[in-house]
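Peer 1: Here is my input, please return the structure:
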Amino acid sequence: MSVAAFPVHAAPWPLPNGEPFVLAVRVPDSTIRTLARARARDGLRALLASAIGCAPEEVPLRCEPGSAPRLVPDPARIGVTISHEAGLSLVAALRGGRVGIDLMRIAPVPDWEAVARDYLGPAAQAALAEVGELARPTAFALAWTRHEAVLKCHGQRIGEWSPETARLFAMTQFRPLALQEGYAGHVAWAAE
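Peer 2: As a prediction, the model looks like this:
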C-alpha cells in the first residue's frame, strides 16, 4: 500500500483540517547548526505570529539546549517542533495537539540491520530486509525519520524498541514528507 506524502506547505497556517503545518527552511549545507537554528526559529515565529496575533519577534518561543521548542505561555495550545539536516531545516506546528518531525539525508547505512533490530522494531526490520540494496538507503531513512518523529511527538528520546514504543506508534498519526531529492522525513501528530 502506498501512502501519499504529506505536503510541505507554502500557504498560510493554521490548516483547517486539524493537520500539522510543515514549513521547509533553506539553511547552509553544513553540520554547524547555529545559523540553521536561527533561520528555523525565525521561520517558526513568522508561521505562528498571525495565529497568536502578534509580531514575529513577539512570539513567546522558548528554545533551550536539549529540549524541544515550545511556546510559553501557550494559551492557544500549539505544538511546535524543528528538525535540522545540512542544507535544510523543517518546522511544524499543530493547534491543539502534539507534533514531531524528523529529517535525514538519504545515504547508505552499513549497519542498518542491527540499527533496525535494536531501534525500529521487528516489523520495520523485516520490511527493510525485503527492500533491494539500491532502494534500502531511502527505505531506511523513511523508517528512521518515522521512528524519530513519533518519539519527538511524545517528548521521548531515542531508545531501543519496546512495548512502550509500539504503544506510542499505535496512538500517533504519521506521514512521510514530500521533500527535495536526497532527503527523507516524517511528520507525526497526536491530539491532546
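Peer 1: now the strands: where do they sit in the chain?
Peer 2: In the chain, the segments counted as strands under DSSP state E are 21-26, 61-62, 70-71, 78-85, 88-95, 97-105, 173-176, 183-191.
Peer 1: Next one: residue 133 relative to residue 146, how far apart?
Peer 2: 21 Å (C-beta to C-beta, to the nearest Å). C-beta: built from backbone N, CA, C; applies to glycine.
Peer 1: Give me the more crowded residue out of those two.
Peer 2: Comparing residue 133 with residue 146 by other C-beta atoms under 10 Å, the one with more neighbours is residue 146, at 24 against 7.
Peer 1: can the strands of the chain go into JSON lines with extra columns for distance to residue 129, mean pLDDT and mean neighbour count?
Peer 2: JSON lines is the format used below for those (distance: least, C-beta to C-beta, whole Å; pLDDT from 0 to 100; neighbours: other C-beta atoms under 10 Å):
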{"stretch": "strand 21-26", "distance to residue 129": "30", "mean pLDDT": "87", "mean neighbour count": "20"}
{"stretch": "strand 61-62", "distance to residue 129": "42", "mean pLDDT": "91", "mean neighbour count": "16"}
{"stretch": "strand 70-71", "distance to residue 129": "38", "mean pLDDT": "88", "mean neighbour count": "17"}
{"stretch": "strand 78-85", "distance to residue 129": "26", "mean pLDDT": "92", "mean neighbour count": "23"}
{"stretch": "strand 88-95", "distance to residue 129": "29", "mean pLDDT": "91", "mean neighbour count": "25"}
{"stretch": "strand 97-105", "distance to residue 129": "20", "mean pLDDT": "95", "mean neighbour count": "23"}
{"stretch": "strand 173-176", "distance to residue 129": "20", "mean pLDDT": "94", "mean neighbour count": "18"}
{"stretch": "strand 183-191", "distance to residue 129": "18", "mean pLDDT": "94", "mean neighbour count": "24"}
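Peer 1: Switch the ones you listed over to a markdown table; also include distance to residue 128.
Peer 2: Shown next, in a markdown table, are the strands of the chain (distance: least, C-beta to C-beta, whole Å):
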| stretch | distance to residue 128 |
| --- | --- |
| strand 21-26 | 25 |
| strand 61-62 | 36 |
| strand 70-71 | 33 |
| strand 78-85 | 20 |
| strand 88-95 | 23 |
| strand 97-105 | 14 |
| strand 173-176 | 15 |
| strand 183-191 | 13 |
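Peer 1: Of all these, which one comes closest to residue 46?
Peer 2: strand 21-26 (8.6 Å; C-beta to C-beta).
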